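Trainee: got a predicted model here, sequence first, then my questions.
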Amino acid sequence: MNYRVTALVAATAAVGLFAADSASARDQVKIAGSSTVFPYAKIVAENFAKANAGLKAPVVESGGSGAGLKQFCDGVGEDKIDIANSSRRIKKGEQETCTKNGVADVVEVKFGYDGIVFASDVKGAAFAYEAKDWFNALAPEIVVDGKLVANPNKTWKEVNAAFPEWEVVAYIPGEKHGTREVFEEKVLVAGCKATGAEKLIAEKLQAAGTAEDKVKSAAEKACAKVRKDDGGKHAIDIDGDYTETLARLQANKESIGVFGLAFYENNTDKLRVATVGGVTPSVETISSGKYPVSRPLFFYVKKAHVGVIPGLKEYAEFFVSDKMIGEDGPLAQYGLVPLPEAEAKAVRETVKDLKPLAPLS
Amino acid sequence: MSAVAQDSSMSDSDAAETVGRFDNPALMRRRRREEVRFQAYGLIAIALGMSFLVILFGTIIRDGWTAFFQTSIELPIKFDAAEIDPDGTRNANALAQANYQKLANQALYGQLGVDPSSRAQRQAANALVSRDVDSQLRAMVASDPKIIGTTQNVWVLASGNVDAFAKGKIDRELPQENRQISDQQISWIDKLTASGAMEKSFNTGLFTNTASSQPETAGLAVALLGSFYIMLIVVLLSVPLGVAAAIYLEEFAPRNRITDIIEVNINNLAAVPSIVFGLLGLAVFINFAGLPRSASLVGGLVLTLRTLPTVIIATRASITAVPPSIREAALGVGASKVQSVFHHVLPLSLPGIITGTIIGLVQAIGETAPLLMIGMVAFVVDVPSSPLDPATALPVQIYMWATEAERGFVEKTAGATIVLLGILAVMNILAMVLRKRYERKW
């Protein structure tokens, strides 16, 4: 029976060798990043393979803008991803990491806009928000009678008399999502400024000895903070996808969730959308700029991989073609807010020339 | 005398007490009640466990059985030569580039009496058929160019929303603005259903299609193949390694502190959370060894590490169960140690080894967390032709469909879960049958 053992050992070794010898050339594009961009990237990847006979469909992963950009900036090489999807612009720090790791030329492609909407259960109450309502509901400290005090608001009715008497429970995107940053910037910080809290925070910081030139950014940072009192039950971070937010909302019908416009449009039978500043979110109101809470969507292309990985440039060009991101294209049908014509033209130029992103300031 | 009297009186009272216990109806009733009560607790525990199982399986099957059926629409499609091949060259490239979607849409307008000059009407009608209809028609023309110029009745896939509506997943009673299907579209669907041009049939696409952003064309092919490759690698690696390690530890290794430490660590390895194996796989197999991301080979290697302790522990247990008399008899007639192990002990412990391996595989096939780290949670369109190509796995596909926004994916998620549960059940039954069949009692 000894020869059987030998055969087993040989088989094991063979599998091991086969494993070690496998750094073969990659023939499809690899993409990772934002879960907001993920559905769009999937549609494009699918159609890309159909429209280009010789090329394989890209492999798309999702996991958040930050996680995607981290992988993207990890270096150049076949085992590194070629494109990072992002629902926010790349940060200065991330760009520096990229450069440090040899990912020198990065092409930034803005392919459309996405609205961020607030919605409750379809049978719930209607909300008409202003940015300041969100600040007064979720900030750790708010302005009462001209002074900064710990947030006393427990129900939406205390925030704004027009709202129902629901406890303040909001499911907001977790910090690894690009959506969170837009929520902070366009809603919380805007509300902070509108209620005058920013000025008070800045004064407080100045009194505490913060350097003059840093006061403004420090105050904005403080404005974007979310309350943690009552065991953190008022603002709950959702690290998963919008489906998780929807499930939470259905478990607690008297709560508010933050969603992407596309997700809401696919679930209008389950969600009731709130207006912001009196404007109902829709593709029209977002592309016209009337609805305030929207953000651009991006993907970043590693220029060093163009020409090495087959189909990379073709994918980027296909993505920004009118067939995909145009007004009648499948992405708009899914819920993407298309770029205005001039911007779309500029983006197509950038992709065609592979114009790298200048260092951010 | 007095002592005897005392003795007899004691035994008398003892006997009287014993008799009294059996005689005392109140005590007896209490004892019986206790017995009944204990059995009732046991039954309640089982009933609770079973009811959770029934609720779980019930909801999955209720949500998922419709995934095995797919709504299609029959359309008389006119393969217009002027549209498909205006030059009449029958050039393959030209045939591939033609606008097949338009052919399907025009057939649909004719069928429903849609006014082609109204854009809103056109769009509402276009939304009834799947966006994938063009590849279906393109494939038809490519395989048989002679159909150009003829009119054929073709069953085309309905769109995901129509499919969800036909299966009752979209509520007809909701106000129109909260529904994915408009009143106009509902009246068309009713018309098509009444004339027999819209029907549900078995959904082979669930098994043959790959990842898709539309629920009606999404399938499990990549996930099934990926899971198959992973299982193959796990079996090829973990069985020889695990069995060899177990035989050495059980039969040859000296009993000392070092073997004790190894034994404790094997048990520890079995208890390590699976995500840790994923991190290890990312660091060792992808970053260090340079294996491709998202490949089922890496998934197989990671899950081998996960399965190895299970196989070792099961193998050791079944080797220990072989009575020492067998080894002694073999050694007694002059067999060497290796001969006694490979001629006698190993064949006798084989049923236990196979059962343990299958249980290890069942664990591995349901594993998602480690695959997340090595990039197997991905959108993969191309069928993997080798374990080096990007692939997904069944539990990963379930997770990914669960996070989709479209309504059609809800049933797909449950349908894929049914497929996974079916595979697990088959494997578990196989393990049980093998054990029952080859098990030997000493």
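Mentor: Alright, I've got the coordinates.
Trainee: can you pull out the strands in the chain?
Mentor: Just going to use chain A. Taking DSSP state E as the criterion, chain A contains strands spanning A:30-33, A:59-61, A:83-86, A:106-121, A:128-129, A:141-144, A:147-150, A:170-173, A:235-238, A:256-260, A:271-273, A:275-276, A:294-302.
Trainee: chain B, not that one
Mentor: Under DSSP E, chain B gives strands at B:69-78, B:151-157, B:198-202, B:378-379.
Trainee: report whether the shortest one contacts chain A.
Mentor: Yes: on the criterion Cβ under 8 Å from any Cβ of the partner chain, strand B:378-379 is in touch with chain A at B:378, B:379. (Glycine included, C-beta is placed from N, CA and C.)
Trainee: care to break the chain down by domain?
Mentor: This is for chain A. For chain A, automatic domain parsing gives the domain ranges A:24-113+A:296-353, A:115-294.
Trainee: oops, chain B please
Mentor: Taking automatic domain parsing as the domain assignment, the ranges for chain B are B:2-64, B:68-206, B:221-438.
Trainee: of the ones you listed, which is nearest residue A:132?
Mentor: Relative to residue A:132, the nearest member of the domains of chain B by Cβ to Cβ is domain B:68-206, separated by 29.0 Å.
Trainee: now the strands of chain B as a markdown table including mean pLDDT?
Mentor: Shown next, in a markdown table, are the strands of chain B (pLDDT from 0 to 100):
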| stretch | mean pLDDT |
| --- | --- |
| strand B:69-78 | 90 |
| strand B:151-157 | 89 |
| strand B:198-202 | 90 |
| strand B:378-379 | 91 |
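Trainee: and these: which comes nearest residue A:87?
Mentor: Closest approach to residue A:87 among the strands of chain B is made by strand B:378-379 (16.9 Å; Cβ to Cβ).
Trainee: next up, the contacts around residue 101.
Mentor: In the absence of a named chain, this looks at chain A. Contact partners of residue A:101, counting by Cβ atoms under 8 Å, 6 or more residues apart in numbering or on different chains, are A:73, A:74, A:75, A:76.
Trainee: I was after chain B.
Mentor: Applying Cβ under 8 Å, 6+ apart, one finds that residue B:101 lies in contact with B:131, B:133, B:134.
Trainee: try 6 Å this time
Mentor: residue B:134 (Cβ atoms under 6 Å, 6 or more residues apart in numbering or on different chains).
Trainee: who's the closest spatial neighbour of residue A:164, skipping the chain neighbours?
Mentor: Nearest residue to residue A:164 in three dimensions, chain neighbours excluded: residue A:125, at 4.2 Å (Cβ to Cβ, 6 or more residues apart in numbering or on different chains).
Trainee: neighbours of residue A:308, just the number please.
Mentor: Close neighbours of residue A:308, defined as other Cβ atoms under 10 Å in any protein chain shown, add up to 14.
Trainee: per-residue confidence for it?
Mentor: Predicted confidence (pLDDT) at residue A:308: the value is 90.
Trainee: count the neighbours of the nearest residue to it once chain neighbours are set aside for me.
Mentor: Setting aside the residues directly before and after it, residue A:308 is nearest to residue A:78 in space (Cβ to Cβ, 6+ apart), at 7.7 Å. Number of residues near residue A:78 (other Cβ under 10 Å) recorded here: 16.
Trainee: what separation do you get for residue A:78 and residue B:391?
Mentor: With the distance defined as Cβ to Cβ, to the nearest Å, residue A:78 ends up 18 Å from residue B:391.
Trainee: low-confidence ranges in the chain?
Mentor: By default, I'm working from chain A. The model of chain A has pLDDT under 70 over residues A:1-25.
Trainee: my question was about chain B, not that one.
Mentor: Applying pLDDT under 70 to chain B picks out residues B:1-21, B:441-442.
Trainee: for the strands of chain A, give me JSON lines that also has mean neighbour count and distance to chain B.
Mentor: Conversion of the strands of chain A to JSON lines gives the following (neighbours: other Cβ atoms under 10 Å in any protein chain shown; distance: least, Cβ to the nearest Cβ, whole Å):
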{"stretch": "strand A:30-33", "mean neighbour count": "28", "distance to chain B": "7"}
{"stretch": "strand A:59-61", "mean neighbour count": "27", "distance to chain B": "4"}
{"stretch": "strand A:83-86", "mean neighbour count": "28", "distance to chain B": "11"}
{"stretch": "strand A:106-121", "mean neighbour count": "23", "distance to chain B": "12"}
{"stretch": "strand A:128-129", "mean neighbour count": "18", "distance to chain B": "18"}
{"stretch": "strand A:141-144", "mean neighbour count": "19", "distance to chain B": "34"}
{"stretch": "strand A:147-150", "mean neighbour count": "12", "distance to chain B": "37"}
{"stretch": "strand A:170-173", "mean neighbour count": "23", "distance to chain B": "14"}
{"stretch": "strand A:235-238", "mean neighbour count": "18", "distance to chain B": "12"}
{"stretch": "strand A:256-260", "mean neighbour count": "26", "distance to chain B": "9"}
{"stretch": "strand A:271-273", "mean neighbour count": "21", "distance to chain B": "9"}
{"stretch": "strand A:275-276", "mean neighbour count": "22", "distance to chain B": "15"}
{"stretch": "strand A:294-302", "mean neighbour count": "24", "distance to chain B": "14"}
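Trainee: adding distance to residue B:106, write those strands out as TSV.
Mentor: Putting those into TSV (distance: least, Cβ to Cβ, whole Å) gives the following:
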stretch	distance to residue B:106
strand A:30-33	36
strand A:59-61	34
strand A:83-86	37
strand A:106-121	30
strand A:128-129	45
strand A:141-144	60
strand A:147-150	66
strand A:170-173	44
strand A:235-238	45
strand A:256-260	35
strand A:271-273	36
strand A:275-276	41
strand A:294-302	35
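Trainee: surely residue A:106 touches residue A:357?
Mentor: Yes: A contact is recorded between residue A:106 and residue A:357 when judged using Cβ atoms under 6 Å, the distance being 5.1 Å.
Trainee: can you get me a residue count around residue A:212?
Mentor: For residue A:212, the neighbour count with other Cβ under 10 Å is 7.
Trainee: revised request: answer the last question for residue A:211.
Mentor: Residue crowding around residue A:211 was assessed by other Cβ under 10 Å; the count is 9.
Trainee: same question, residue B:149
Mentor: Under the neighbour criterion other Cβ under 10 Å, residue B:149 is assigned a count of 13.
Trainee: okay, now the closest residue to it other than its chain neighbours: neighbour count?
Mentor: Distance criterion Cβ to Cβ, 6+ apart; nearest residue to residue B:149, sequence neighbours excluded, is residue B:81 at 4.6 Å. Under the neighbour criterion other Cβ under 10 Å, residue B:81 is assigned a count of 13.
Trainee: what parts of the stretch 101-250 of chain A come near chain B?
Mentor: Remark: the part of the stretch 101-250 of chain A in contact with chain B comprises A:241, A:243, using Cβ under 6 Å from any Cβ of the partner chain.
Trainee: residue contacts, residue A:183?
Mentor: So, once contact is read as Cβ under 6 Å, 6+ apart, residue A:183 ends up touching nothing.
Trainee: please redo it, this time with the cut-off set to 7 Å
Mentor: In this structure, residue A:183 makes contact with A:116, A:172, A:173, A:258, judged by Cβ atoms under 7 Å, 6 or more residues apart in numbering or on different chains.
Trainee: try residue A:115
Mentor: Neighbours of residue A:115 in contact, by Cβ under 7 Å, 6+ apart: A:261, A:281, A:286, A:291, A:293, A:294, A:337.
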